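# Here is the input, now give the coordinates:
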Amino acid sequence: MTMTPVPPEMKRLEPFEQSLREAARAYPETTEDFPWGHPTVKVKGKAFVFFSLSGEGLSLSVKLPHSNGAALMLPFTQPTGYGLGKSGWVSASFGAKDTPPLELLRRWLDESYRAVAPKKLVAQLEAAGTPPVATRGAPSKKAPAAKKAPAAKKAPAAKKAPAAKKAPAAKKVARKS
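Numbers count the residues shown, from 1 in each chain. This next block holds a predicted model:
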């Protein structure tokens, strides 16, 4: 729930916000902060999702370095303001009668966390068997990397024979007539 009062017509969006905030806080080493009176979930001090529930509805902003192009094609999204859109941040907004697509938004939370979190924390998720949400339950598309064969040693280049010298050009002798 936000720090600002929520108008009665927006109360139905509170469970959606609460569910998404809980999902965001479930990632390793996250904290919740309330800059500007709105919940923000951070990992190691860096925000990976901003929430707002107000008279205008529910909105959230996430960093989507891989899926921002597809996300921006949806009718409820736009590039995040304050220049963040240039860095892959996307904002999604929902009105009082909208039903936010929770599964999609959870995938976005996952992508945003993995984009912002230190590599060590992302590696811990993967080591614990937690693949990115977008691939959970899906067959692995990535085959294990093949080992490279050692490069063959190159034979030394053959020495070129010295170029044949050209015969000096004959001098023209001027004849007197």
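# Which residue would you name as the spatial centre of this structure?
residue 65 (2.5 Å; CA atoms, centre = their mean).
# separation between that one and residue 47?
15 Å (CB to CB, to the nearest Å). All C-beta spots, glycine's among them, are computed from the backbone N, C-alpha and C.
# Check residue 114 too.
Residue 114 is 14 Å from residue 47, by CB to CB.
# In terms of neighbours, single out the busier of these two.
Comparing residue 114 with residue 47 by other CB atoms under 10 Å, the one with more neighbours is residue 114, at 21 against 18.
# Over to that one: give its phi and psi.
phi -70, psi -30 (degrees, to the nearest 10).
# Look up which helix or strand the closest residue to it other than its chain neighbours falls in, please.
Once flanking residues are discounted, residue 114 sits nearest to residue 122: 5.1 Å by CB to CB, 6 or more residues apart in numbering. Here residue 122, judged by DSSP states H and E, is contained in helix 119-127.
# Where is the longest strand in the protein?
The residue-count maximum for a strand in the chain (DSSP state E) belongs to strand 46-54.
# Okay, buried residues for that one please.
Judged by neighbour count (16 or more other CB atoms under 10 Å), strand 46-54 contains these buried residues: 47, 48, 49, 50, 51, 52, 53, 54.
# in the helix or strand of the chain with the lowest mean pLDDT, what's buried?
Ranking every helix and strand in the chain by mean pLDDT, DSSP states H and E puts helix 119-127 at the bottom, with a mean of 89. For helix 119-127, the buried set under the neighbour-count rule, 16+ other CB under 10 Å, comprises 121, 122, 125.
# Show the contacting residues for the first one.
When contacts are counted by CB atoms under 8 Å, 6 or more residues apart in numbering, residue 121 is found next to 27, 28, 29, 43, 44.
# of those residues, closest to residue 37?
residue 43 (21.2 Å; CB to CB).
# Can you show me the helices along this protein?
For the chain, applying DSSP state H gives helices covering 14-25, 68-71, 102-116, 119-127.
# Measure how the first one sits relative to strand 46-54, angle-wise.
Regarding helix 14-25 and strand 46-54, their directions subtend 170 degrees when assessed with axes from the mean of the first three to the mean of the last three CA atoms, to 10 degrees.
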